[in-house]
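Peer 1: No sequence on hand, only this structure:
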């Protein structure tokens, strides 16, 4: 078997052909989505014990030594990746251990926690990339594919977990979950992400810079003891709320972990730019960040160039812009799920995109994915362009940006608190990037506004039921003025009438304040919000400012109970009402803008674009229109806050927050596109 990234699309098509064509036995050689073989009356333990070939004697010993055997005999919901005896033999040989009995309790505990997930995940229902629920180590397992060439020359697709464990039989349903048989023990690193970068010889120069600027302590954070400790019933019983016209089952985040995503240039990338030593890199960083920020001095006139641990130091700024303060387990997980993007994004006019606040204070990164026939082909940082052909966008020329790629070995990619990826050019928050490439409409999905939404896996979560969500009490970047409300990230699905199929829902007496993502440069910017409205929603007043204790109210409250066409303040009209008169359409758009509203974009659909979905622009139901909150001068080195307060006395009122936009004057003052 050989991992063939270059043939992925062919393999994916072949794999899906197998999925559709054969629907008989529960086995990854013969897929049958939606029709799983059930071992009646069997638990996970029964399945392992009663295997006719007795393939799981080693794994059963490990389960007993880790004291989990009894738990898997009882009721519950588990996904179990079960390594065979042959898999354990290879694992023991790799560690120079004689037999399973020689494994310590700690070894067995780690193995079991790696191979168990506390929810049921059928692999034929998953997209590749990080699985939507963490395992018992609070880590994401990554599903992928390899191509196996058979003796007759036929290429057969195989499912892998963390690139090395091939699923040889999957989706076997038992009484308390599902079992997937794997041919290798799944390995995970116990190191922090700092140590993962340190151990990789290909990124030695980047690590030298990372080490010099003193980020080791920061990158060795993992569990947050300050997060509220919830009781078992509060987390796992589930709380049902009315959301978007359907009942949602909410399960609250039990604990908060810190996560990091590190972009690192291999040494050969630096060498191509004439950078061959740490002094060379320091000189490069000084040049870029002095230009971008200006030379800054302390009170006695000394530059910060050699004060490595100060956030004003150019090299520290350089390194910090390479770090995201949340975990992304796979390249294809940066943007919306491929199944949703394929259905909901008009890829001929826009790429799937997201904007993330980096670890560098007051900085923002754009990550965009080119969507091919089957999945994301390429993922880039700070690219300006559309599609594989690389055409320009927003009236400006094409700029390639920097391509992200996976690290060769999964153990060199993943730490217990984050992941590392290679990039193929030097990443910088230069004057050109800030004032040119990022001088654009920044459309930020609300489910990326807190690192907790991403690290926990709540964002783009795929579940057995569409109407599920992950609840949060005190997510990072949010502050609540009372606790008499419920907040959750809605599970993502194609039919959800929202930007990326998910959403941030609130219900009750909500009054929350959000720290906004930064603008990339000083100037006049419009702040826009997109809500979903329905009869059960409330009326919300918005406030904005740089002092969280003294925010200014922005216009009249927004009535979320009315659709865009019903609301007299919006007066939405369909483009069809103008009989193809583009001048009249543009004039009406301008009049709506003057009233503080905009139609939704034509680049995204309410559902599957090939199965009845409408563009947001043409959809009048709900409040798909964008509300212009304020137009003002914003500075790139300041924090700004948005407050959203329910002003209607309705304890069950909802707010479905979809996305926000920063739009610079250079875009909205001219003829902004409709995308």
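Peer 2: That came through, no problem. Computed from a prediction, not measured in an experiment: that's the story for all the values here.
Peer 1: And the pLDDT for residue 483?
Peer 2: Looking at residue 483, its pLDDT is 84.
Peer 1: what's the nearest residue to it if we skip its chain neighbours?
Peer 2: Leaving aside its sequence neighbours, residue 483 sits nearest to residue 473 (Cβ to Cβ, 6 or more residues apart in numbering; 7.9 Å). Where you see a C-beta, it was placed from the backbone N, CA and C, and this is true even at glycine.
Peer 1: That neighbour and residue 450, how far apart?
Peer 2: Between residue 473 and residue 450 the computed distance is 12 Å (Cβ to Cβ, to the nearest Å).
Peer 1: Looking at the two, which is more packed in?
Peer 2: Using other Cβ atoms under 10 Å, the more surrounded residue of residue 473 and residue 450 is residue 450, with 24 against 16.
Peer 1: you'd agree the more buried one is up against residue 477?
Peer 2: Yes - between residue 450 and residue 477 there is a contact under Cβ atoms under 8 Å: 4.7 Å.
Peer 1: mind listing what the helix or strand that contains residue 181 pairs with, with the direction of each?
Peer 2: Per DSSP states H and E, residue 181 falls inside strand 177-182. Partners of strand 177-182 in the sheet, by DSSP bridges, are strand 78-83 (parallel), strand 165-174 (antiparallel).
Peer 1: got JSON lines for those, with distance to residue 409 and mean neighbour count too?
Peer 2: Conversion of those to JSON lines gives the following (distance: least, Cβ to Cβ, whole Å; neighbours: other Cβ atoms under 10 Å):
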{"stretch": "strand 78-83", "distance to residue 409": "19", "mean neighbour count": "23"}
{"stretch": "strand 165-174", "distance to residue 409": "13", "mean neighbour count": "20"}
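Peer 1: can these go into TSV with extra columns for distance to residue 348 and mean pLDDT?
Peer 2: Listed next are the strands paired with strand 177-182 as TSV, based on distance: least, Cβ to Cβ, whole Å; pLDDT from 0 to 100:
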stretch	distance to residue 348	mean pLDDT
strand 78-83	38	96
strand 165-174	35	93
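Peer 1: Save those strands as JSON lines, and put in distance to residue 507 too.
Peer 2: Formatted as JSON lines, the strands paired with strand 177-182 follow (distance: least, Cβ to Cβ, whole Å):
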{"stretch": "strand 78-83", "distance to residue 507": "30"}
{"stretch": "strand 165-174", "distance to residue 507": "34"}
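Peer 1: Other residues contacting stretch 277-287?
Peer 2: Here stretch 277-287 makes contact (Cβ atoms under 8 Å, 6 or more residues apart in numbering) with 205, 208-209, 212, 270, 273-275, 305, 314-315, 317-318, 426.
Peer 1: Rebuild the residues you listed as CSV, extending it with neighbour count, secondary structure and pLDDT.
Peer 2: Below are those laid out as CSV (neighbours: other Cβ atoms under 10 Å; DSSP: H, G, I helix; E, B strand; the rest coil; pLDDT from 0 to 100):
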residue, neighbour count, secondary structure, pLDDT
205, 22, helix, 98
208, 15, helix, 98
209, 22, helix, 98
212, 17, helix, 97
270, 20, helix, 98
273, 13, coil, 98
274, 8, coil, 98
275, 20, coil, 98
305, 19, coil, 88
314, 25, helix, 95
315, 23, helix, 96
317, 23, helix, 97
318, 25, helix, 98
426, 19, coil, 98
